[in-house]
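Peer 1: Just need the structure, nothing else, for what follows:
(one chain, ligands or ions: 1)
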Amino acid sequence: MRRLRRTEPLRALVRETSLEPGDLIYPLFLCPGEGVRREISSMPGVFNLSIDEAVREAEEVASLGIAGLLLFGLPESKDEQATGAWDENGIVQQGLRALKRSAAAKKLVLMADVCLCEYTSHGHCGTVVKLGDEFEVENDSSLELLARTAASLARAGADVVAPSDMMDGRVAAIRQALDDDGRINTPILSYASKFASAFYGPFREAADSAPQFGDRRSYQMDGANGREAMNEIELDLEEGADMILMKPAMPYLDIILAARERFAVPIGAYQVSGEYSMLHAAFARGWLDRDRATLESLLGIRRAGADFIATYFAKDAARLLA
Ligand SMILES: [Zn+2]
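Peer 2: Numbering: from 1, shown residues only. Sure, this is the predicted structure:
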């Protein structure tokens with residue numbers, strides 16, 4: 001076996017998996033204000049950005065050959081109806097319009113996350129009804145708000161809408177809303193099998209979206225369930241999802257591989273905040289080689305079968321790959 005490992009040209013010749021800047025998507029967190037660039041303490045090198053700063057960031061991302069952006073928003077204020085998510089002047093809608101006017105937009109796929117948790121006062125991904133101490137995240141009443149959100153984001157310029165809420169039937173509801181609005185060409189990237197995971201922790205600081213009570217286990221998937229994940233994906237594809245996004249990535253590489261073997265649609269994976277933060281914690285202590293571990297973490301996700309990866313390492317990796 002060692003004959004083919006002797007030199008870098010030989011190794012390159014027989015390399016099975018590639019990693020390119022064009023495989024990567026960079027998540028951005030948009031916040032109100034001007035000239036705001038606020039670092040997220042648990043995610044070194046990741047910032048909440050006001051729209052003017054986000055446009056500058058997009059230009060850098062485009063110049064590195066990265067495929068696109070995945071946009072999240074931190075609204076001015078929150079309420080029970082997640083008004084900031086579907087408001088025509090919501091933070092992401094404003095951001096999309098500004099980004100569309102920039103030169104960077106021609107080189108980037110602008111993806112908009114569709115969820116309510118960043119915009120609801122309670123921090124859940126759907127509408128909540130409370131019955132005494134008990135509460136329920138209602139499915140069907142959430143669909144209308146999610147569909148409205150997706151249509152509004154598409155109107156503002158999203159090239160792709162990416163529902164991450166995990167309500168049942170949201171893909172069908174969003175497809176219908178997009179079609180009714182004449183957005184027949186807007187694809188849906190569904191976070192089809194999103195697991196309830198401890199690895200989302202740092203994101204909740206970044207997007208200010210921690211639930212104020214309870215947790216998300218009544219709608220996100222149980223980490224123990226692989227067959228159920230295939231079922232979730234199948235249902236989303238039947239409802240009209242064009243692509244699927246697997247989340248988290250590293251602790252669920254087997255799920256990515258199983259989906260790859262079973263479904264022919266494009267598959268993305270989200271290397272989530274906790275994956276990024278724990279690697280950074282090890283870099284800070286000098287326990288891992290930053291450059292090699294960054295690329296290896298991404299290569300593993302590609303090898304498992306992901307066509308593209310949403311990752312906070314996108315800019316670092318693109319520089320290393322240049
Ligand atoms: Zn959510």
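Peer 1: how about the strands in the stretch 101-250 of the chain?
Peer 2: Secondary structure of the stretch 101-250 of the chain (DSSP state E, counting those that start in this stretch): strands at 109-114, 127-131, 134-138, 160-163, 189-194, 243-247.
Peer 1: got CSV for the ones you listed, with mean pLDDT, distance to residue 316 and mean neighbour count too?
Peer 2: Placement of C-beta: from N, CA and C, glycine included. Shown next, in CSV, are these (pLDDT from 0 to 100; distance: least, CB to CB, whole Å; neighbours: other CB atoms under 10 Å):
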stretch, mean pLDDT, distance to residue 316, mean neighbour count
strand 109-114, 98, 20, 25
strand 127-131, 90, 38, 14
strand 134-138, 92, 36, 15
strand 160-163, 98, 23, 25
strand 189-194, 96, 23, 27
strand 243-247, 98, 20, 26
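Peer 1: Now distance to the ion too, for the ones you listed, in CSV please.
Peer 2: Putting the strands of the stretch 101-250 of the chain into CSV (distance: least, CB to the ion, whole Å) gives the following:
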stretch, distance to the ion
strand 109-114, 8
strand 127-131, 12
strand 134-138, 10
strand 160-163, 9
strand 189-194, 9
strand 243-247, 11
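Peer 1: among the ones you listed, which is nearest residue 321?
Peer 2: When the strands of the stretch 101-250 of the chain are compared for distance to residue 321 using CB to CB, the nearest one is strand 109-114, at 18.4 Å.
Peer 1: how about that closest one as CSV, C-alpha atoms only?
Peer 2: The C-alpha coordinates for strand 109-114 follow below in CSV (Å, rounded to 0.1, in the frame of the first residue of the first chain):
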residue,chain,number,x,y,z
VAL,A,109,-25.5,31.9,-3.3
LEU,A,110,-27.5,33.8,-0.7
MET,A,111,-29.2,31.4,1.6
ALA,A,112,-31.6,32.5,4.3
ASP,A,113,-32.3,30.4,7.4
VAL,A,114,-36.0,30.1,8.0
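Peer 1: contacts for that strand?
Peer 2: Where contact means CB atoms under 8 Å, 6 or more residues apart in numbering, the residues beyond strand 109-114 that reach it are 25, 67-72, 85, 92, 96, 99-100, 146, 149-150, 153, 156-165, 174, 189.
Peer 1: go again using 6 Å as the cut-off
Peer 2: The set of residues that contact strand 109-114 without belonging to it, under CB atoms under 6 Å, 6 or more residues apart in numbering, is 67-72, 92, 99, 146, 149-150, 153, 158-164.
Peer 1: Next: stretch 7-22.
Peer 2: The contact list for stretch 7-22, computed with CB under 6 Å, 6+ apart, reads 4, 5, 64, 65, 66, 67, 298, 299, 302, 303, 318, 321.
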